[in-house]
Every structure is written in structure tokens, then in C-alpha cells.
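In: Next come a sequence and a model predicted from it.
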Amino acid sequence: DGVDESHTFVNVELGTIIVKKAMVGDTGSFDFTGDVAGTIGVNNGTLSESNVLPGTYTSVEGVEAGWALSSIVCDDDTTNGGTASTGNTGTRTATFNVDAGETVTCTFTNTKKPTLSIYKVCDPAGDTGLFNLRIDGVNQTTDTVCGGWTNGAIEVTVGSHTVSETGGSGTNLGTYSSVISEDCSSNGSVTLAAGESKSCTITNTKLGNVTVVKYHDRNANGVKDTGDEVLNGWEIWLSQMSQFTGAQVNGQVTFSDLQPGSFTLSEQIQDNWSQSNISCTGDIGIDNDNSHSVNLAAGQNLTCLIGNYQRGHIRVIKHIVDPDGEEISDSTTEFEFNVSATGTNSAVLGDDESYTFDVNPGLNTVEEITNQNYDFAGCTGGIDGVSFNGEVVTVSSGETVEVICTNKQKKATITVVKDVVNSDEDDISDSNVFSVTLNSETQDFAEGDSAVFLVNPGTYSATEGAEPNYTEIANTSPATVGSNGQATIH
């Protein structure tokens with residue numbers, strides 16, 4: 001029919017597109033959508049579409065929790081001028097540019113994110129501090145309580161990180177010591193590989209304080225009583241640390257921010273002072289050897305007391321009065337005293353003599369050894385109502401108490417004997433009554449008799465009244481008698 005009909009058949013070689021999944025640190029399940037769709041659940045697993053015409057195709061990876069898409073790499077050949085296939089991790093998309101007969105593989109590489117947990121431990125466990133737990137300087141939790149943690153594992157990048165903390169609401173980290181342990185080094189650094197899980201613990205130990213109160217123990221009883229004033233200018237030692245009382249607070253020092261543990265509390269004892277006791281809260285008994293053990297718990301605020309005293313003094317004065325209570329001077333007798341003193345505890349004293357004893361503060365006794373020739377009249381300067389020859393005396397630290405002990409002389413007796421002789425001075429019997437006067441007292445008696453006069457100690461003479469027909473030829477007066485003494489005059 002004269003019609004020329006011709007057809008050209010063009011054959012194009014078909015290509016293949018492949019999605020490959022590389023997993024680092026673990027295995028997971030990843031979903032893909034687009035021209036290559038499906039799920040890959042094994043490392044280096046693939047999805048593919050065959051017999052595709054030359055052109056552009058895409059495949060998009062879904063987000064998988066705990067994984068980071070680190071790269072999308074395509075391997076097509078562009079040496080013949082073809083368009084390269086590309087991957088965009090931001091959009092999680094692989095773009096396949098397929099030439100005739102080409103097989104293009106795009107590999108999605110996912111890295112399992114490592115995780116890091118931080119735990120908070122306190123000593124004491126019941127401490128009320130609050131803490132902000134940080135990774136690389138960023139708060140992961142705030143106001144975490146003791147015994148808490150980051151409330152879950154924190155996803156981090158592969159590589160090195162630093163764990164730290166800051167004080168939470170109302171918490172001063174300066175009152176704690178901190179130790180970082182477990183998978184972290186002491187400075188908080190830790191390195192994590194893909195898929196690795198590590199944990200670090202921050203332990204905070206509450207620092208304690210020891211406050212020492214220095215006081216003047218007036219009665220040396222080892223207890224700070226009302227009226228015992230504080231002492232400044234004393235050097236106090238807590239193990240190798242020392243401070244002076246009164247430098248900051250009157251009569252005390254505080255050793256602050258101490259790690260829990262054992263310490264030795266002591267002081268530099270000043271001249272002429274002694275230590276009565278070192279005691280801390282909860283202690284029982286007396287410890288005055290200037291080396292007191294102190295056990296400080298975490299976060300404890302401990303108060304200790306150190307008491308010191310000076311030696312006291314008792315000045316004993318001996319006093320003697322006559323039987324009528326009148327002042328006299330009696331140098332004939334000495335009296336022995338015993339005092340509850342350390343060192344010299346006895347002395348012998350005559351009338352108006354004294355001796356000063358060194359004694360400990362508190363109750364002390366002054367006792368006079370009984371002298372049968374004198375009546376004990378009592379002592380002054382101590383506690384009334386004692387039932388012995390002496391006195392109970394309260395002496396305060398550094399105080400001198402004067403005690404006067406008085407004795408009363410006892411009455412003495414003088415016996416006057418009357419003798420009568422004849423002119424040859426031979427003894428005879430004579431009934432004449434004679435009058436004899438001694439110390440203003442007159443008694444009448446005959447020869448062979450005697451008269452007894454009761455007198456105060458002293459020297460006395462007897463006088464005889466004149467008698468007609470008699471001449472006094474002898475008189476042994478005067479006679480001297482002491483307390484409770486006896487004498488005879490003829």
C-alpha cells in the first residue's frame with residue numbers, strides 16, 4: 001500500500017538498589033520506608049529492590065530509641081559520568097541515583113548509645129543534703145536526696161565524660177567530703193564504648209565539728225557548775241591541730257570540717273594549774289591525764305569540756321585563851337594539826353603561830369590532835385556543826401581560807417600546906433587556926449591541914465595573916481602552874 005511502517009525498540013538494562021544495615025555496639029530492629037521498605041534485625045542485614053529502571057529512588061530509616069545514626073554511605077560507580085547516590089543523616093534518607101544496569105548499595109550505620117548512671121550515697125545515710133548530679137557540667141537531676149540516683153541510665157556519646165555534682169537547694173558542698181568511685185576514676189572521668197553501660201557513685205561524707213569549752217573548775221569536781229567561768233588564752237590540741245580559747249568565741253574553740261574518725265584531745269597546761277577533767281558529750285567519769293580519746297561520727301557536732309583549777313590554801317592559826325575566855329599569851333604548849341593536804345599535811349603550832357597548807361579545791365578537813373590539858377573551844381572559817389576537834393573547810397580554786405582554832409586553858413590547883421614547929425624547929429602538933437590568902441581567896445586551917453585553891457594558870461604567892469605568939473619562918477611562894485597544872489606551897 002505504499003506505507004512505510006518502522007519501529008525502534010530500545011532495551012534498557014535494569015538496576016538494583018540495596019539498603020544495608022550496620023550495627024555497632026549491639027543489635028536492634030530498624031524499619032525503613034520508601035522505595036526500599038521493610039525491617040532489618042541483624043547486623044549487616046539487607047533489603048533490596050531489583051529490576052528498577054534507571055532513575056532516582058529513596059529509602060528512609062525510622063528512629064530507633066537508644067541508637068544514633070552515625071552515617072549513610074552509598075557505593076555506586078560514577079566514573080562514567082553518572083550521578084552519585086547520597087545519604088543524609090539529618091533526614092535519615094538514602095537517595096539512590098541508578099544508572100542502567102547499576103547496583104547501588106547504601107549502608108546505614110547505627111551506633112548503640114552508651115549509658116551512664118550516677119548514684120548518690122551519704123554518710124550518715126539519713127543526711128538531709130540535696131545534690132545536683134552532673135555529666136559534662138550539665139545537670140542530669142537536681143536536688144537529689146541521699147540514696148537517690150539519676151532516675152535512670154543517661155544516654156551519652158561514645159568517648160570520655162566527666163561526672164560531678166553541685167550543692168542543691170540549701171546545701172553547701174563545703175561541709176562535705178566527696179569521693180567518686182565505681183566505674184569512674186576519682187576525678188569523675190569515665191570512658192564509654194558503643195553500647196556500654198556504666199555507673200558511678202558519688203559518696204558525700206558530712207564533716208563534723210568539735211567544740212571545746214575551757215572553764216575554771218572552782219571546786220575541782222570535774223563538772224562545769226554554775227559560777228565556773230570560762231578561761232581564755234589556753235592552747236587546745238585536737239590531735240595535730242591547735243587553737244587558743246577566746247580567739248573567736250569567749251572561752252572556747254571549734255575545730256571545724258572534720259572527717260569522721262578518732263582524735264586525741266589535750267591542752268597546754270599553764271603554770272600553777274592542774275587539770276580536773278576532760279569530757280565530751282556522752283562521756284562518763286573523770287579523765288584528767290591530758291590525753292582524751294574523741295570518736296567523731298560523720299556529721300556529728302560534738303561538745304567537749306576541759307576543766308582546770310589552781311591549788312587552794314588553808315592558813316591555820318592557833319589561839320589560846322584563859323579559862324575565862326580572856327586573851328593571854330601561852331608559850332608553854334604546842335598543838336599538832338592534820339590537814340587533808342597533798343604533800344605537807346601536818347604542822348605543830350604554838351599560841352598565835354600559823355601555817356599555810358596547799359590543798360585541792362573542795363571540802364578539806366583541819367583536825368587538831370587532842371591535848372588533855374586544854375579544852376578545845378572550836379575553829380572558825382569552815383562549816384558549822386562539825387563533831388570533832390577541827391573544821392571542815394570549803395576551798396575554791398586559788399583561794400586562801402583562814403581557819404582559827406582556839407583552845408581554852410583549864411583551871412589549875414595550888415595546894416597550901418600549913419606546918420608549925422617549936423623554937424627548935426621541930427615538928428609539933430598545934431591546933432591554932434591560921435588564915436591564908438591566895439589570889440584574893442582566904443581559907444582558914446590548922447597545922448597538918450591544907451587548903452586547895454582553884455586558879456587560872458599563872459604565878460601565885462600565898463600570904464598568911466599575922467598571929468600573936470607565932471612567927472612565919474618559911475614560905476615557898478611563889479608557885480607557877482600551867483593549864484590543868486598543880487603546885488604546892490608550904
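Out: Yep, that arrived.
In: tell me, how many neighbours does residue 28 end up with?
Out: One way to gauge burial is a neighbour count; for residue 28, by other C-beta atoms under 10 Å, it gives 18. Every C-beta, even on glycine, is put in place using the N, C-alpha and C of the backbone.
In: what about the strands in the stretch 151-300 of the chain?
Out: For the stretch 151-300 of the chain, the strands defined by DSSP state E, counting those that start in this stretch occupy 154-155, 159-167, 176-182, 189-192, 197-206, 208-216, 235-238, 241-244, 252-258, 261-267, 274-280, 292-296.
In: residues near residue 196, how many?
Out: Neighbour count for residue 196, taken as other C-beta under 10 Å: 18.
In: Grab the nearest non-local neighbour of it.
Out: If the residues on either side of it in the chain are set aside, residue 196 comes closest to residue 114, at 4.5 Å by C-beta to C-beta, 6 or more residues apart in numbering.
In: now residue 165: how far from residue 187?
Out: With the distance defined as C-beta to C-beta, to the nearest Å, residue 165 ends up 13 Å from residue 187.
In: Pick out whichever of those two has more residues nearby.
Out: The neighbour comparison of residue 165 against residue 187 (other C-beta under 10 Å) goes to residue 165, with 23 against 10.
In: For that one, which residues are in contact?
Out: For residue 165, the set of contacting residues under the criterion of C-beta atoms under 8 Å, 6 or more residues apart in numbering consists of 120, 131-134, 173, 178, 202.
In: beta partners for it?
Out: residue 133 (DSSP bridges).
In: go on, residue 347?
Out: residue 337.
In: I figured it hits residue 357, correct?
Out: Yes. Between residue 347 and residue 357 there is a contact under C-beta atoms under 8 Å: 7.5 Å.
In: if I look at those two, which residues touch both of them?
Out: Listed as contacting both residue 347 and residue 357 by C-beta under 8 Å, 6+ apart are 316, 339.
In: out of these two, which sits in the more crowded spot?
Out: More neighbours surround residue 357 than the other of residue 347 and residue 357, with 26 against 19 (other C-beta under 10 Å).
In: Tell me how far residue 442 lies from residue 430.
Out: Using C-beta to C-beta, we find residue 442 at a distance of 20 Å from residue 430.
In: try residue 16
Out: Shown here: residue 16 relative to residue 430, a distance of 180 Å by C-beta to C-beta.
In: Then residue 358?
Out: Separation of residue 358 from residue 430 (C-beta to C-beta): 68 Å.
In: cool, residue 326 as well?
Out: The gap separating residue 326 from residue 430 is 41 Å, by C-beta to C-beta.
In: Neighbour count: those two, which is higher?
Out: For the pair residue 326 and residue 430, the greater number of neighbours falls to residue 430 (16 against 10), based on other C-beta under 10 Å.
In: That one: which element?
Out: When secondary structure is defined using DSSP states H and E, no element contains residue 430, which sits outside every helix and strand.
In: which phi and psi does it have?
Out: Residue 430 adopts backbone torsions of phi -140, psi 130, taken as degrees, to the nearest 10.
In: Isn't it up against residue 449?
Out: No. Here residue 430 does not reach residue 449: they are 11.0 Å apart, not a contact under C-beta under 8 Å.
In: Let me know whether residue 146 touches residue 119 as I believe.
Out: No. In this structure, residue 146 is not within contact of residue 119 by C-beta under 8 Å, at 10.5 Å.
In: okay, the strands of the stretch 151-300 of the chain in CSV with distance to residue 25 and mean pLDDT next?
Out: Conversion of the strands of the stretch 151-300 of the chain to CSV gives the following (distance: least, C-beta to C-beta, whole Å; pLDDT from 0 to 100):
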stretch, distance to residue 25, mean pLDDT
strand 154-155, 12, 95
strand 159-167, 13, 97
strand 176-182, 21, 97
strand 189-192, 10, 98
strand 197-206, 10, 97
strand 208-216, 46, 97
strand 235-238, 53, 97
strand 241-244, 52, 94
strand 252-258, 44, 96
strand 261-267, 44, 97
strand 274-280, 56, 97
strand 292-296, 47, 97
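In: what's the closest of the ones you listed to residue 70?
Out: Each of the strands of the stretch 151-300 of the chain was scored for nearness to residue 70 using C-beta to C-beta, and the closest is strand 159-167 (12.7 Å).
In: Could you check the angle that closest one makes with strand 197-206?
Out: Using axes from the mean of the first three to the mean of the last three C-alpha atoms, to 10 degrees, the interaxial angle of strand 159-167 with respect to strand 197-206 works out to 30 degrees.
In: Show me which parts of strand 159-167 are buried, residue by residue.
Out: Judged by neighbour count using 16 or more other C-beta atoms under 10 Å, the buried positions of strand 159-167 are 161-165, 167.
In: Equivalent analysis for stretch 142-155, please.
Out: By neighbour count, with 16+ other C-beta under 10 Å as the criterion, the buried positions of stretch 142-155 are 143-144, 146, 148-150, 153-154.
In: And residue 34, how far from residue 110?
Out: As for residue 34, its distance to residue 110 is 17 Å (criterion: C-beta to C-beta).
In: These two: who's more crowded?
Out: For residue 34 versus residue 110, neighbours defined as other C-beta under 10 Å are more numerous around residue 110 (24 against 16).
In: Neighbouring strands - and their directions - for the helix or strand where the more buried one lies?
Out: Using DSSP H and E, residue 110 falls within strand 103-112. Within its sheet, and counting by DSSP bridges, strand 103-112 is paired with strand 15-24 (parallel), strand 67-74 (antiparallel).
In: Name the nearest residue to residue 252, sequence neighbours excluded.
Out: For residue 252, ignoring the flanking residues on the chain, the nearest one in space by C-beta to C-beta, 6+ apart is residue 213 at 4.7 Å.
In: what number of residues lie near that neighbour?
Out: As a burial measure, the neighbour count of residue 213 was computed by other C-beta under 10 Å and equals 19.
In: what stretches of the chain score poorly on pLDDT?
Out: Counting by pLDDT under 70, the chain has low-confidence residues at 1-4, 342, 384-387.
In: Kindly recompute the last result at 50.
Out: For the chain, applying pLDDT under 50 flags no range at all.
In: Make a PyMOL selection of the buried ones in the contacts of residue 165.
Out: Selecting only the buried members of the contacts of residue 165 in PyMOL, with burial defined as 16+ other C-beta under 10 Å, works like this:
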select buried, resi 120+131+132+133+134+202
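In: could the contacts of residue 165 go into CSV alongside distance to residue 193?
Out: What follows is those, written out as CSV (distance: C-beta to C-beta, whole Å):
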residue, distance to residue 193
120, 25
131, 28
132, 27
133, 22
134, 22
173, 31
178, 27
202, 23
